[in-house]
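Trainee: got a predicted structure here, sequence first:
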Amino acid sequence: MGSTMSFVSCLIIALALAAAMATTSTASTTYKVGDDQGWKVPKDDPAHYMAWPVNKTFTVGDKLEFTWTGTHNVAEVTKEEYTRCVEVKTVHEFSPVTISLDTPGPKYFICAVVPHCSFGQRLTIVVEPDSSTTPPAPEPTPSSAPSSLLANSLYAAMLTIVSMFFTRL
């Protein structure tokens, strides 16, 4: 009975360690659009929102926080709508608005209050893929060893536990 309990205890510890080794977490960043200026018509610098993202790297999982006072809103739009400052129907009307960046690629945002977009209250950014995720490994062939970190960890833990169990018999 005692060796069975120690076997089970070792198995639980090994599985917990393997799961902990395989678990990774990525920290996301929330960017306040416009920094201290917030989201408003850039009166002193019409290119403010063009310059704002230059030294920032946006990654899938990050968030943009749009904060304003007064009569503004924010809408995510297509490139054409961004370029032409087209009025759109889907807008966020109440500040603050937090938008999650869930997919890589270019993202376009405007204030749909006429004529704020044409005065420079528009933003374009490029969202990079999450660097902590790697492309899926090819499926192993039946004759090959497990290829993932979790599978290798579990395999090594199981071999260790089985050998410990049989050496105690």
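Mentor: Yep, it's here.

Trainee: what segments of this protein are strands?
Mentor: 30-32, 58-59, 63-66, 75-77, 97-100, 105-110, 122-128 (DSSP state E).

Trainee: could you list the low-pLDDT ranges of this structure?
Mentor: Scanning the chain for pLDDT under 70 picks out 1-26, 132-169.

Trainee: switch the cut-off to 90
Mentor: 1-28, 43-46, 87-91, 130-169 (pLDDT under 90).

Trainee: pop the domain breakdown of the protein in here.
Mentor: 1-26+151-169, 30-128 (automatic domain parsing).

Trainee: gap between residue 66 and residue 130?
Mentor: According to C-beta to C-beta, to the nearest Å, residue 66 stands 22 Å off from residue 130. To be clear about C-beta, it is placed using only N, CA and C from the backbone, and glycine gets the same treatment.

Trainee: contact partners for residue 105?
Mentor: Contacts for residue 105 (C-beta atoms under 8 Å, 6 or more residues apart in numbering) come out as 126-127.

Trainee: from memory residue 96 sits against residue 64, does it?
Mentor: No. Residue 96 is beyond contact range of residue 64, at 10.3 Å (criterion: C-beta atoms under 8 Å).

Trainee: settle it for me: which of these two has more neighbours?
Mentor: residue 64 (24 against 14; other C-beta atoms under 10 Å).

Trainee: you'd agree the more buried one is up against residue 33?
Mentor: Yes. Between residue 64 and residue 33 there is a contact under C-beta under 8 Å: 5.5 Å.

Trainee: can you give me the helices in the chain?
Mentor: 2-22, 48-51, 79-84, 149-168 (DSSP state H).

Trainee: if I look at residue 50, how far off is residue 106?
Mentor: In terms of C-beta to C-beta, residue 50 sits 14 Å off from residue 106.

Trainee: who touches both of the two?
Mentor: The contact lists of residue 50 and residue 106 share residue 124, where a contact means C-beta under 8 Å, 6+ apart.

Trainee: when these two are compared, which one has more neighbours?
Mentor: Neighbour totals were compared for residue 50 and residue 106, and residue 50 leads with 14 against 11 (other C-beta under 10 Å).

Trainee: quick one: residues contacting the more buried one.
Mentor: Contacts of residue 50 by C-beta under 8 Å, 6+ apart are 120, 124.

Trainee: one step back: a markdown table for the strands of the chain, including distance to residue 46?
Mentor: Formatted as a markdown table, the strands of the chain follow (distance: least, C-beta to C-beta, whole Å):
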| stretch | distance to residue 46 |
| --- | --- |
| strand 30-32 | 20 |
| strand 58-59 | 22 |
| strand 63-66 | 18 |
| strand 75-77 | 19 |
| strand 97-100 | 22 |
| strand 105-110 | 14 |
| strand 122-128 | 10 |
